[in-house]
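> build me a model from this:
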Amino acid sequence: MKRFALATLLLATTVACGKGSPGAPPARVPEVGVAPVRSGRVVLTTELPGRTAAYLVAEVRPQVNGIVQRRAFVEGADVKAGALLYQIDPAPYQAAYDQAVASLAVAESNVPALRSRAERMKEVLAIRAVGQQDYDDAVSALAKAEAGVLAAKAAVEAARVNLGYTPVKAPISGRIGRSAVTVGALVSAYQPAPLAVVQQLDPIYVDVTQASADILRLTRNVQSGQLTRGGGQARKVKLLLEDGTPYASEGTLQFRDVSVDPTTGSVILRMVFPNPQRTLLPGMYVRAIVEEGVNERAILAPQQAVTRNQKGEAIALVVNAAGKVEQRVIDVDRAVGAEWVVAGGLAPGDRVIVEGRDQVRPGAAVRAVEARPGPGNPGAGPAGPVTPSAAAGK
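Take a look at the predicted model:
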């Protein structure tokens, strides 16, 4: 009886084991969200720091000595070229001018008599009624009188110029700053300290710095065909104010300096921006968004799909054709919006994992599904061309 029960138990165990193996549930394959790596046209830009500078700057200095009688402008106001700024006491210069005019009249009054005498001496010299020396003296006296007239005219002109300098006028149109002197102050001609400063603010310069290494890199990329210049559009520049607010008007890249600063290894780029509202003031810190070029075949991967390994290298997990995970070390150039511009390691059409990457390891089999579109994975969904505005992150 005991033998029969033992045999029955062994038979039941064998049957149970034989039936359970085929019917066991298969191991669960993790599900991951993937987004396709895509290719498109991208306008590459860079932000460069810089400061604003006045388009024209004129330091107002007196050109004659004297006492300031009047100030004719409001500090901080706009002035026109030629407008009166200061009036220096003109009395001594008016007197000098009047004296010069009188001296000219005296000099001119002597000329007719000396000219007549020289002409008469010439006639009587022909009949030898006078000597040659007497005639030469008469001619010399006439020449001296005529030279005196020229000197008197020059003195009149000098006195007129000095008198004209007593009203100190604006050399350019622009906004004038604070006055360094008050009424009653004594000023000197060509003094080192200006009376005031006039600055033209519309348009206005923006001077930014760019590393010479970046210029060399861009030059190589253009020469190799990786980047193309955007023509006249490449000279258009956008501006971000110090608080991050975009400036309303576009500017124009005017020139790049021809020398590199040896202390910083950078080059100055000068841009011109319209400034009708006087929003930009000289010395403000700004950031210019400069177009570097256009990559017609840029490879773009969602930023959510890229991480860093312990070496600091950029890596991405790719689901291959066999449905298994591959880890690839990639070369990322820059961020464009919510995507990376990839320089190597990925190709258009590769499926990178953007959701569930923490649940899988390289070599594991996975079930790839299309990731939900969102800010972190703009490449999700059907791949399409990248428009310039989207590529620029606008």
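> low-confidence regions, the protein specifically.
Counting by pLDDT under 70, the chain contains low-confidence ranges at 1-27, 129, 221, 224-234, 373-394.
> can you pull the domain assignment for it?
The chain breaks down by automatic domain parsing into domains covering 32-52+202-391, 66-88+166-193, 91-164.
> just give me how far the last one sits from the chain centre.
Yep, that's domain 91-164 we're talking about. Between the centre of domain 91-164 and the centre of its chain there are 62 Å (CA atoms, centre = their mean, to the nearest Å).
> past the helix or strand harbouring M121, which element shows up next along the chain?
Per DSSP states H and E, M121 falls inside helix 91-126. Using DSSP H and E, the helix or strand that follows helix 91-126 in sequence is helix 132-164.
> now that following helix against helix 91-126, angle please.
160 degrees (axes from the mean of the first three to the mean of the last three CA atoms, to 10 degrees).
> hmm, who's touching the next helix or strand after helix 132-164?
Sequence order places strand 167-169 as the next helix or strand after helix 132-164, per DSSP H and E. Identification of contacts with strand 167-169 by CB atoms under 8 Å, 6 or more residues apart in numbering yields V60, P62, Q63, G82, A83, L84, L85, Y86, Q87, I88, P90, L195. In short, each C-beta sits where N, CA and C put it, glycine included.
> change it to 7 Å
By CB atoms under 7 Å, 6 or more residues apart in numbering, the surrounding residues in contact with strand 167-169 are V60, P62, G82, A83, L84, L85, Y86, Q87, I88, L195.
> and for stretch 339-356?
For stretch 339-356, contacts defined as CB under 7 Å, 6+ apart pick out 30-39, 42, 298-306, 316-319, 328-334, 368, 371, 377-379.
> and the buried ones among these, selectable in PyMOL?
Selecting only the buried entries of the contacts of stretch 339-356 in PyMOL, with 16 or more other CB atoms under 10 Å as the criterion:
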select buried, resi 32+33+34+35+36+37+38+39+42+298+299+300+301+302+303+304+305+306+316+317+318+319+330+332+333+368+371+377+378+379
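> mind checking which of the contacts of stretch 339-356 are in strands?
If you go by DSSP state E, the contacts of stretch 339-356 have 31-36, 38-39, 42, 298-302, 306, 316-319, 328-334, 368 in strands.
> next, count neighbours for A159.
20 (other CB atoms under 10 Å).
> nearest spatial neighbour of V352, skipping sequence neighbours?
Among residues not flanking V352 along the chain, A305 sits closest, at 3.9 Å (CB to CB, 6 or more residues apart in numbering).
> shouldn't the one you found be in contact with A314?
No: if you go by CB atoms under 7 Å, A305 and A314 don't touch, sitting 10.2 Å apart.
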